[in-house]
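Undergrad: predicted model, plus sequence, below.
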Amino acid sequence: MEVAVGKRKGGNRIVEENILAILDSDDRKDTRENNDNRSAFLEAVRSACLAPVNGSPPTMKMCEAVFKILRAGKHLDLIMGSFWLLRELDKRFPRMSVSDASESKEPQFVMSEEAWCPFVLNLDASHQSKEAVNKSNDRPLDSLGFHLLIQELVEFANKIQSPETKSLSNLLLFQYLVDVLEGDFMMRNKLFEETLNWIHLRESLLNLLLNSRKIQYKNFIRHCLILLCGLSHPSAESRVDVDMNDDVLESDSRGAVGIASAEVRHNTCTALQKLLVAIMELDVSRKKADAQGSTTRADGARTPLLELVLDEVIYDSDMLSPFLQGFDEPKWKTELILQYFMKYAAKPTVRTRRSNTPSEDLTISGTLKGFSNITTSKSIAKKIGSDIVQVLIAHGFQAHLSLCSSKQDGDGVASPAEMCEDVITAFTNLKTANQQLEILPIGKEALFTAAMILSTKS
Amino acid sequence: MCARLGCIQSCGCGLCSDGSDVTVFGRTKTIGLDDLLTDYFKEQSKVIERQSKRAKALKDHDESGVRQEVMLKSLEECEFKINEIGCGEEEFTWGMQVFGNQKPAPPLVFPELASNSLLQSVMSNQVNSLVKLTVDEGQVFFEGLLINGWLSQLVGRGGRLEKSVAQWIYHIMLYSQKEELRTAACNFWCTAVQLDVKDNKQPTGVEWFPSYSDLKTAVEIYGFVLHVPLQGESPSADNDNRGPPDNIQMWIKFTAACCQASRGQECMFLASEAETLLEVIVLLSLDRKLEGFLLLLHDGVQSVINYFTDEEWQAACQNVARSLACRVPKDLNCIRALESIPGISPRANSLRAAVSHQLLHNSFDKACDEEGILSCLIAINMAERECDLFKMYIYLSLAENWLLSTTVLEDKPLICEMWGVYLRHCTCQISHGDLRPYAAKIRAKATYLLHSKTKKY
């Protein structure tokens, strides 16, 4: 791996010193003075790094200080400002870039030397005590710290209390961390797909995180799923009770936390989904690497995420509906629903989960063919449960529609019109098989949409 | 002392009360009566010593207490004096009541919803044997369709969406109190306007699109007053009814989405309308209630800025700057307004520079060009006691935003020189121990700017 040498290194140091001098040395105190300094500091970093077209990249100490302000989580404007700044800095100065393939045999990563990362996941960092890494605000997090953060968020998502500034800061911190993980993974995964060199992915932050011995992978995923379900419900009461005796500005500030929390929750849910998708993509690449024998025992064995999710929603059927509502990435949603049906509906001989290549004929429309006559519909509904079948069909239909609109037509995917007819047939057969069947609201909505799409086509 | 004696008695000694016991004691143990006596007197003397010590300490304490009081008093006096000198520093903070009283929102119940052809066609469709929809449930059913994203799918597939339904969703987005509904409605509209761009070959099935006047009406209903200078506090507004409602975030999001989407084909807004929208979004950032929407607001400002064509931008930038400079009070609020323009793109930077230039220009009537303004700034003597340092701090921040957001310092050596002189004035005329409010802040800022200036040029 190459390391790019900072061109304006000397200049950077002076800028760094000058900018860091804005923050008082004793900045732990939460005084008005210190907070003013903090916001002046954020503004100075922006002005030095982002305002000029060819601004100099931030130094590690600068990033660390911004990160610390975000984690301290004391004041809404500081939290928002530091979060925005961190994201913009990452956009402008990516941690790594891919060098030109023509120069060397294989494209290589170029890590920028000064790049700061909010994670320490390397083994050599393990000698630091757990507490020291995760408790102090300016240090990067390790895998355990990330897991603890998710646990804190689960607690937040499930309680009905009014949100606090600290929880907002945690939600944003999580979003930022996922951004970093995902950005790193996407770039490496692209390179892996081109070169099929597993080493690129082995060193990805995401892989290091998941393989870390400090966390228990299954527990980690379980918490992620609980969090997703918790966040996909709208917050019960986001309004903060404002004390009438408060000074207007102060009560406005506290009201601001409440007003902002819905948006932040929503974005966190999206971030979590990105994290899950990235893990699933990593599983796919891992499978490829396994197949060509480039993984070693050191890589460890990890159950693919999709299987874990499947087990989880089958075991706890109350989780299915909120999960499908929160998770709307169409490709993997379809995959999950297909696997669900397979587990119950497929004949044992065509079990394809063991084989490495996903079977081509496995599509939602293929699965819906299973409902094309009353007897099979009845048996599937009996095995899976009539409510769950409806939820699965409706969400599968929706995911399929999203996939269709993002893909070009005639991509081997069943046309929406066919699909609509299949959905209507499926529901009709389910109803005929069991006259007592109550069609769930989501089923009705799916039927309505199918009928409407058919009517526009004709 | 009594406790001590009690201890001795309980040892079985019984020294003072009964002599006979002593002999028994003496027989069993080798400790003689003399030893016990010396022990006893030792204890006694210790107790007396301790008592005298305590009395002395008490006396000392009284004396130090008096001293302490004197100290405290003088400290209080000092504090009072410092406060007197530095009075008012705590009062300054940004934050304005951008919104006044809300107006009644339009009703969200749409009787036409039941009669729309979409619903009618389903009810006549064979599917209705399964759906079993009745006219009464129309609205609830449509809410479900909206929340679960079916309507977006339908529109995405070229489905027809009647005016009444489109308007109903629009109203939900901007006026519904239910978070789930308004979020879904906002998602729907953001996809719908962007769809319009993607397949411009075929017209979308959406039969009604909100226009600028709809957006304008919405902020006015929220209590925003267009084209009037902001006041610090509007006593007329009562706290319960003061805007904005939570829907304001949908408004910002949707405005941004419109601006991002409708470039390249027929425009949604005229340039002058986009100018007003830009101004509104910048002013929104002055409301403390919206502090948490920094990202949305930044995104909004950025989207509207990018909406203009290159030809329009020059004029638009000046217009917005002029208008904002008249509406924003010249205190920390104007700095906040500047910071709400995300200075990360050339256009945003030029807007920042224009607004701060305009604000400075309004402060010094005679001067309008760079030289004029800078010489006015240099002419101020900050060492004088009467000099309003808070004002000076604002000037310095404005000048910073104005000069550093553009390349003027690199292009014009004279201006660069004058800027240096001004900054040195700030550091020299204000001594290190100056206790006036904002003195330290000006010094720190000027020192910082001076350092970064010498590094660069």
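TA: Yep, that arrived.

Undergrad: what helix or strand is residue 174 located in?
TA: I'll assume chain A. In the assignment (DSSP states H and E), A:Phe174 maps to helix A:165-195.

Undergrad: chain B was what I was after
TA: Secondary structure (DSSP H and E) places B:Leu174 in helix B:163-175.

Undergrad: residues making contact with that helix?
TA: B:105-106, B:108, B:110, B:112-113, B:116, B:118, B:142, B:146, B:151, B:181-182, B:185-186, B:188-189, B:206-210, B:214, B:218, B:221, B:245, B:247, B:250-251, B:254 (Cβ atoms under 8 Å, 6 or more residues apart in numbering or on different chains). No exception for glycine: its C-beta is placed from N, CA and C like everyone else's.

Undergrad: buried ones only from those, please, as a ChimeraX command.
TA: The following ChimeraX line selects those of the contacts of helix B:163-175 that are buried, judged by 16 or more other Cβ atoms under 10 Å in any protein chain shown:
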select /B:105,110,113,116,118,142,146,151,181,182,185,186,188,189,206,209,210,218,221,245,247,250,251,254
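
Undergrad: among the contacts of helix B:163-175, which are in helices?
TA: Applying DSSP state H to these, the entries found in helices are B:112-113, B:118, B:142, B:146, B:151, B:181-182, B:185-186, B:188-189, B:214, B:218, B:221, B:250-251, B:254.

Undergrad: the residues you listed: which ones sit near chain A?
TA: The subset of these within reach of chain A, by Cβ under 8 Å from any Cβ of the partner chain, is B:Leu118.

Undergrad: which residues sit against the helix or strand that the helix holding A:Phe174 is followed by?
TA: Proceeding C-terminally, helix A:165-195 gives way to helix A:198-202 as the next helix or strand, assigned by DSSP H and E. Applying Cβ under 8 Å, 6+ apart, the external contacts of helix A:198-202 come out as A:109, A:185, A:188-189, A:191-192, A:207, A:282, A:285-286, A:289, A:294-295, A:299.

Undergrad: stretch A:264-278 near chain B anywhere?
TA: Yes. Stretch A:264-278 lies within reach of chain B by Cβ under 8 Å from any Cβ, at A:264, A:266.

Undergrad: that stretch: how far from the chain's middle?
TA: From the chain centre to the centre of stretch A:264-278 is a distance of 4 Å (Cα atoms, centre = their mean, to the nearest Å).

Undergrad: mind saving the C-alpha coords of that stretch as CSV?
TA: Taking Å, rounded to 0.1, in the frame of the first residue of the first chain, the C-alpha atoms of stretch A:264-278 are listed here in CSV:
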residue,chain,number,x,y,z
VAL,A,264,-32.0,12.5,12.9
ARG,A,265,-33.8,9.2,13.7
HIS,A,266,-34.8,8.8,10.2
ASN,A,267,-31.3,9.4,8.9
THR,A,268,-29.9,7.0,11.4
CYS,A,269,-32.3,4.3,10.2
THR,A,270,-31.0,4.9,6.7
ALA,A,271,-27.4,4.7,8.0
LEU,A,272,-28.1,1.4,9.8
GLN,A,273,-29.5,0.0,6.6
LYS,A,274,-26.4,1.0,4.7
LEU,A,275,-24.3,-0.8,7.3
LEU,A,276,-26.4,-4.0,6.9
VAL,A,277,-26.2,-3.9,3.2
ALA,A,278,-22.5,-3.4,3.3
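
Undergrad: could you grab the helix/strand/coil label for the one residue in chain A that gets nearest to chain B?
TA: Residue of chain A nearest chain B, by Cβ to the nearest Cβ: A:Ala260 (2.4 Å). Look at A:Ala260: counting by DSSP: H, G, I helix; E, B strand; the rest coil, its state is helix.

Undergrad: and the nearest residue to it once chain neighbours are set aside, what does it touch?
TA: Distance criterion Cβ to Cβ, 6 or more residues apart in numbering or on different chains; nearest residue to A:Ala260, sequence neighbours excluded, is B:Gly292 at 2.4 Å. B:Gly292 is in contact with A:76, A:80, A:168, A:256-257, A:259-261, A:263-264, counting by Cβ under 8 Å, 6+ apart.

Undergrad: check A:Leu206 too.
TA: Going by Cβ under 8 Å, 6+ apart, A:Leu206 touches A:181-182, A:184-185, A:278-279, A:282.

Undergrad: need the three-state assignment for the residue most central in space within chain B.
TA: In chain B, the residue lying closest to the centroid (Cα atoms, centre = their mean) is B:Glu291, at 3.6 Å. Put simply, B:Glu291 is helix when judged by three-state DSSP.

Undergrad: repeat that for A:Met111.
TA: A:Met111 ends up strand, using three-state DSSP.

Undergrad: without its sequence neighbours, what residue ends up closest to it?
TA: Closest to A:Met111 by Cβ to Cβ, 6+ apart is A:Met96, at 5.0 Å.

Undergrad: surely the one you found touches A:Val180?
TA: No. The criterion here is Cβ atoms under 8 Å, and A:Met96 misses it with A:Val180 at 11.4 Å.
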